[in-house]
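J.: got a sequence here, can you model it:
(one chain, ligands or ions: 1)
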Amino acid sequence: MAELSRHAHRKDEHLSLAEKFYHPTATSQFDQLRFVHQGLPEMAYADVDLHTQLGPLTLPVPLMIEAMTGGSPRTGKVNAMLGRMAAATGMPVASGSQSIALKDAQAVSTFTVLRENNPDGLVFANIGAGHSVAQARSAVNMLAADALEIHINAAQELVMPEGDRDFHWLDEIGEIVAALDVPVIVKEVGFGMARETLTQLAGVGVQYVDLGGRGGTNFAQIENFRRPEKELDYLAGWGQSTVESLFEARQVPALTVIATGGVRQPLDAAKALALGASVVGSAGQILHSLIKTDEATTTQMLLDWQTGLKTIMTLLGTRNLAALREKQLLLSPELTAYCQQRGLPK
Ligand SMILES: Cc1cc2nc3c(=O)[nH]c(=O)nc-3n(C[C@H](O)[C@H](O)[C@H](O)COP(=O)(O)O)c2cc1C
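T.: Take a look at the predicted model:
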């Protein structure tokens, strides 16, 4: 298979394998956090204001459709649906990695459908770390994007049979941040982030991160399945969960945080927002719904998440995200131990 068609084939495999390994995590680390019920909200459901800020970008709701796909005819159809869903829900949509479209003009239309179907909404471009400033600019221009996501995915690349083996990324990330005039979001893809990584990113000028924590789509598992011998299965539990990553990120308050990874429903999102996230993203759950149901049902699921979040915020007596952040969360012994060992105040 030629290099480019191998690349497109990998995109199809990722879609199929994400669904194969999808499991609606009956238990998740989000369940190790609890809000404290109070009986007197002293406000109305109509008082809740869900809007949030991502630097210069105003989002009507603090939820987004995270980076997934593009590059093959099948994934182009998925992107067309994701673009329409973003337009129908007011949520931003991030493109899957555009690196294939930077090499192959034929792949471009499988990404630009995101913008065509969401002409007035927010669209985020996406490339892997290791690309140049010029390539980053092309990815943004391709989608007339409102922000750029740069994914850092060393764990995925190392398990991927044909993946990269050299990871000198930090300087180039700093150059892209300095050169672009849209927000640049550095994101993980399901292995989470530690305070040290976040501090390194802040040190080269990064202001926005997507924690991309463990607990949902698992690229160690997906890429290991693509290895003939499947010998790296012991890495399936690698990384920090999204909840752990949120505690880590509180130590680097200069960063604006998107929380993605294993978000199942609005209660998980409310907990992530209470821990300091400005936006909560979801990928695998949305893909699963699209595959198992249809676009209309999945769009309705995202609208239900918005009303569900408003319901929880009413119950907590919180009119906006600033008030939600003031709410106490109780931690399980396991999470308490994590925070203690990492020296993170709860
Ligand atoms: C099929 C699939 C493909 C993905 N491709 C990308 C990608 O190209 N770039 C990226 O930054 N993240 C990619 N991701 C990672 C997601 O954006 C997200 O960070 C991760 O799946 C964790 O969120 P989840 O548990 O809600 O799926 C992909 C996820 C899925 C399910």
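J.: what's opposite the residue lying closest to Thr260 once chain neighbours are set aside in the beta bridge?
T.: Distances taken as C-beta to C-beta, 6 or more residues apart in numbering place Gly281 nearest to Thr260, at 3.6 Å, with adjacent residues excluded. (C-beta placed from N, C-alpha, C; glycine too.) Legend: beta-bridge partners of Gly281 under DSSP bridges are Met64, Thr260.
J.: does Gly281 touch Leu63 like I think?
T.: Yes. With contact defined as C-beta atoms under 8 Å, Gly281 counts as touching Leu63 (7.4 Å).
J.: neighbour count for the two, which is higher?
T.: The residue with more neighbours, out of Gly281 and Leu63, is Gly281; 29 against 25, by other C-beta atoms under 10 Å.
J.: and the more buried one, what does it touch?
T.: Contacts for Gly281 were tallied using C-beta atoms under 8 Å, 6 or more residues apart in numbering; they are Leu63, Met64, Ile65, Glu66, Ala94, Asp210, Ile258, Ala259, Thr260, Val263.
J.: ok, and which of the residues you listed reach the ligand?
T.: When contact is defined as C-beta under 6 Å from any ligand atom, the contacts of Gly281 meet the ligand at Glu66, Thr260, Val263.
J.: by neighbour count, which of the residues you listed wins?
T.: Result: Glu66 is most packed of the ones next to the ligand among the contacts of Gly281 (other C-beta under 10 Å), 32 neighbours.
J.: that one and Ala283 touch, don't they?
T.: Yes. Counting by C-beta under 8 Å, Glu66 touches Ala283, with 4.0 Å between them.
J.: for those two, list the residues in contact with both.
T.: Common neighbours of Glu66 and Ala283 (criterion: C-beta under 8 Å, 6+ apart): Thr260.
J.: for Gly262, pull up the helix or strand it's in.
T.: Assessed by DSSP states H and E, Gly262 sits outside every helix and strand.
J.: and the residue nearest to Val108 when sequence neighbours are not counted, what pLDDT?
T.: Leaving out its chain neighbours, the residue that sits closest to Val108 by C-beta to C-beta, 6+ apart is Ala101, at 4.8 Å. pLDDT recorded at Ala101 is 97.
J.: got the residues of the protein near the ligand?
T.: Applying C-beta under 6 Å from any ligand atom, we find that the chain lies next to the ligand at 14-15, 18, 66-69, 96-97, 126, 149, 151, 187, 189-190, 212, 216-217, 260-263, 282-285, 287.
J.: is it true that Pro345 touches Cys339?
T.: Yes. Contact criterion C-beta under 8 Å: Pro345 and Cys339 qualify, at 7.3 Å.
J.: ok, those two, which is more surrounded?
T.: Cys339 (16 against 8).
J.: that one should be in a helix, yeah?
T.: Yes. Counting by DSSP: H, G, I helix; E, B strand; the rest coil, Cys339 is located in a helix.
J.: what about it, distance to the ligand?
T.: With the distance defined as C-beta to the nearest ligand atom, to the nearest Å, Cys339 ends up 22 Å from the ligand.
J.: the nearest residue to that residue once chain neighbours are set aside: what's it in contact with?
T.: Among residues not flanking Cys339 along the chain, Lys346 sits closest, at 5.2 Å (C-beta to C-beta, 6+ apart). Lys346 makes contact with Phe247, Leu331, Thr336, Cys339, according to C-beta under 8 Å, 6+ apart.
J.: tell me how far Lys346 lies from the ligand.
T.: Distance, Lys346 to the ligand, by C-beta to the nearest ligand atom: 24 Å.
J.: how many neighbours does Ala46 have?
T.: Residues lying near Ala46 (other C-beta under 10 Å) number 8.
J.: backbone dihedrals for it, please?
T.: phi -70, psi -20 (degrees, to the nearest 10).
J.: show me the residue sitting in the middle of this structure in space.
T.: Thr260 (3.9 Å; C-alpha atoms, centre = their mean).
J.: surely that one and Ile286 touch.
T.: No. Contact criterion C-beta under 8 Å: Thr260 and Ile286 do not qualify, at 11.1 Å.
J.: what do those two both touch?
T.: Both Thr260 and Ile286 are contacted by Glu66, under the criterion C-beta under 8 Å, 6+ apart.
J.: other SSEs contacting the top helix by length along the chain?
T.: In the chain, with assignment by DSSP state H, the single longest helix is helix 295-315. When contacts are defined as 3 or more C-beta pairs under 8 Å, 6 or more residues apart in numbering; DSSP states H and E, helix 295-315 packs onto strand 63-65, helix 73-89, helix 266-274, helix 284-292.
J.: quick one: residues contacting Phe21.
T.: Contact analysis of Phe21 by C-beta under 8 Å, 6+ apart lists Thr217, Asn218, Gln221, Ile222, Phe225.
J.: burial measure for the closest residue to the fourth one other than its chain neighbours, as a count.
T.: Ranked by C-beta to C-beta, 6+ apart and with sequence neighbours excluded, the top spatial neighbour of Ile222 is Leu17, at 4.4 Å. Neighbouring residues of Leu17 were enumerated by other C-beta under 10 Å; the total is 20.
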